[in-house]
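In: sequence first, then the predicted structure:
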Amino acid sequence: MGDFLNRQQPFLIENIISDDLKAFMSFSFYLTGNLSNDEVNKINAMTIESEEYETASGIANVHGRISRISELTTLAFKSCDSTDFEEYLYLIDSSMPYLISELLLTFHTSKVPRLEEVIEKCAGRLKVNSAAFKYKVKELLLFLSLGMKKDTLWGGYDEEIGPFMSVKTETRLESYTLYSRGDLKEVLLKNSFMEERRASEVGYAEIETDENERQVIRLDLQISLK
């Protein structure tokens, strides 16, 4: 995986996004054209067990829902559900909240899991520089991997959370000093995959109506290392 830690034996990096960050990294989108109540009910009923429109109880078929919405109208970024997380993204780049929201939409419509490929597809669709896009995403991955916490004020520098990283060997969890920031960022990007959140909770990835009578939907950013 690269020689970026002060150790010799192989290791496995722990999941890049901790459990407490998963709900913290939620994005809301609004539908640019409202759908009929009948269509909304059909889309909200799409689950993994039933990828058509029949009602079924189970895990939300997020890919199916986003693909169907995209056939009928367009989705536009509204906001991050957490203002703290949105501010963290702004510290990396003023366009990061929008770029990550578009990354989510690209993933859910293309079903391509490897993060680097999703970035390339998204950059092509938005007609932005893919190298610059990757650089910004690598910064986010680094900050996440070094321990960004939802309840800890963060100023945008990895020094604030320490130049250390926890790694899992075959027998125990250990902590090592990071000394090659660039190598680690490259490893994180090459080994990161986007995932569809497997949630059965009421309201997740369902079309709802906000206070301005606009139809909205919420998606969570899920990234794992493989």
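Out: Perfect, thanks for sending it. What you are looking at is a predicted structure, and each value in this text was computed from that prediction instead of being measured.
In: which residue is the nearest non-sequential neighbour of residue 208?
Out: residue 216 (5.7 Å; Cβ to Cβ, 6 or more residues apart in numbering). Where C-beta positions appear, they are placed from N, C-alpha and C, glycine not excepted.
In: doesn't the one you found belong to a helix?
Out: No - the assignment for residue 216 (DSSP: H, G, I helix; E, B strand; the rest coil) gives strand, which keeps it out of a helix.
In: so it makes contact with residue 29?
Out: Yes - counting by Cβ atoms under 8 Å, residue 216 does reach residue 29; the two are 6.5 Å apart.
In: residue contacts, the residue nearest to residue 208?
Out: With contact set as Cβ atoms under 8 Å, 6 or more residues apart in numbering, residue 216 has these partners: 28-31, 78, 207-210.
In: now, among these, which is nearest to residue 68?
Out: residue 207 (10.2 Å; Cβ to Cβ).
In: and the closest residue in space to that closest one that isn't next to it in sequence, how many residues sit next to it?
Out: What sits nearest to residue 207 in space, not counting adjacent residues and going by Cβ to Cβ, 6+ apart, is residue 40, at 4.8 Å. Residues lying near residue 40 (other Cβ atoms under 10 Å) number 18.
In: so, low pLDDT: which residues of this structure?
Out: 1-23, 49-58, 146-180, 198-202 (pLDDT under 70).
In: and if we set it to 80?
Out: Counting by pLDDT under 80, the low-confidence segments of the chain come to 1-24, 48-60, 144-184, 197-203, 225-226.
In: just the strands from it, written as ranges.
Out: Secondary structure of the chain by DSSP state E: the strands cover 12-13, 26-31, 75-80, 164-168, 173-177, 192-194, 208-209, 215-220, 223-225.
In: from the contact counts, what lies against the third one?
Out: Pointing back at strand 75-80 there. With contacts taken as 3 or more Cβ pairs under 8 Å, 6 or more residues apart in numbering; DSSP states H and E, strand 75-80 sits against strand 26-31, helix 83-92, helix 96-110.
In: need these in TSV (columns: distance to residue 73 and mean neighbour count).
Out: Shown next, in TSV, are those (distance: least, Cβ to Cβ, whole Å; neighbours: other Cβ atoms under 10 Å):
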stretch	distance to residue 73	mean neighbour count
strand 26-31	5	20
helix 83-92	24	17
helix 96-110	13	21
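In: ok, which of those comes nearest residue 124?
Out: Using Cβ to Cβ, the nearest of those to residue 124 is helix 96-110, at 9.3 Å.
In: save the helices and strands packed on strand 75-80 as JSON lines, and put in distance to residue 46 too.
Out: Conversion of the helices and strands packed on strand 75-80 to JSON lines gives the following (distance: least, Cβ to Cβ, whole Å):
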{"stretch": "strand 26-31", "distance to residue 46": "16"}
{"stretch": "helix 83-92", "distance to residue 46": "27"}
{"stretch": "helix 96-110", "distance to residue 46": "12"}
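In: and for residue 133, the neighbour number?
Out: 20.
In: okay, and the common contacts of residue 216 and residue 29?
Out: Going by Cβ under 8 Å, 6+ apart, residues that sit against residue 216 and also against residue 29 are residue 78.
In: tell me how far the residue nearest to residue 208 lies from residue 209.
Out: For residue 216, the distance to residue 209 equals 7 Å [Cβ to Cβ, to the nearest Å].
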